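> Generate coordinates for the sequence data below:
(one chain, ligands or ions: 1)
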Amino acid sequence: MPTVEFQGETVECETGETLRDVLLDADLSPHNGPTAVSCHGLSTCGTCAVAIEGTVEPSSPGARERARLKFPPHSLESGLRLACQVRVTDDIVVRTGEGFWGQK
Ligand code: FES
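Below you'll find the model as predicted:
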């Protein structure tokens, strides 16, 4: 089972689970603001942006994720990923930045 390290916690999950779901199921959150004001995984709000060390699938953002990451305050150059769009396939370390969108 892959593990996710986040905010001092280590969580095991099933291979292929969506990172956002893994964190929320463990009472953790990639969102700096209330989860209720997010798009709930539709890749439109951008509030689940995180930095990931390790391998996830897809290895680079798909069209939907790229569309949101191109829109400010995000930028594709930041290297952030949307936790709702990546699947955990290996052990990873996840960090979120400051700011409502985790962009800082
Ligand atoms: S939850 Fe809105 S973009 Fe991920």
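> For this protein, which segments count as strands?
3-6, 9-12, 49-53, 56-57, 81-82, 87-88, 92-95 (DSSP state E).
> Out of those, which gets nearest to the ligand?
Of all the strands of the chain, strand 81-82 sits nearest to the ligand, with 4.6 Å by C-beta to the nearest ligand atom. The C-beta positions use only the backbone N, C-alpha and C, and glycine is treated the same way.
> what's that closest one in contact with?
The contact list for strand 81-82 (C-beta atoms under 8 Å, 6 or more residues apart in numbering) reads 20, 43, 46, 48-52, 56, 61, 65, 68-69.
> One more: stretch 22-37?
Against stretch 22-37 from outside (C-beta under 8 Å, 6+ apart): 4, 6-7, 9, 11, 13, 19-20, 38, 45, 47-50, 83, 88, 94, 96, 98-102.
> Kindly report the same for stretch 59-70.
Contacts for stretch 59-70 (C-beta under 8 Å, 6+ apart): 43-46, 49, 74-76, 78, 80-82, 85.
> Would you format the residues you listed as a markdown table with neighbour count and distance to Ala26 included?
Formatted as a markdown table, the contacts of stretch 59-70 follow (neighbours: other C-beta atoms under 10 Å; distance: C-beta to C-beta, whole Å):
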| residue | neighbour count | distance to Ala26 |
| --- | --- | --- |
| Ser43 | 19 | 21 |
| Thr44 | 15 | 24 |
| Cys45 | 19 | 21 |
| Gly46 | 23 | 22 |
| Ala49 | 26 | 19 |
| His74 | 17 | 25 |
| Ser75 | 12 | 29 |
| Leu76 | 13 | 28 |
| Ser78 | 15 | 25 |
| Leu80 | 23 | 21 |
| Arg81 | 23 | 18 |
| Leu82 | 28 | 18 |
| Gln85 | 23 | 19 |
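> Which ones among the residues you listed lie within helices?
Nothing among those maps onto helices, per DSSP state H.
> Now narrow these to whatever sits close to the ligand.
Residues of those in contact with the ligand (C-beta under 6 Å from any ligand atom): Ser43, Thr44, Cys45, Gly46, Leu82.
> Pretty sure the first one sits against Cys84.
Yes: under the contact definition of C-beta atoms under 8 Å, Ser43 touches Cys84, with a separation of 6.1 Å.
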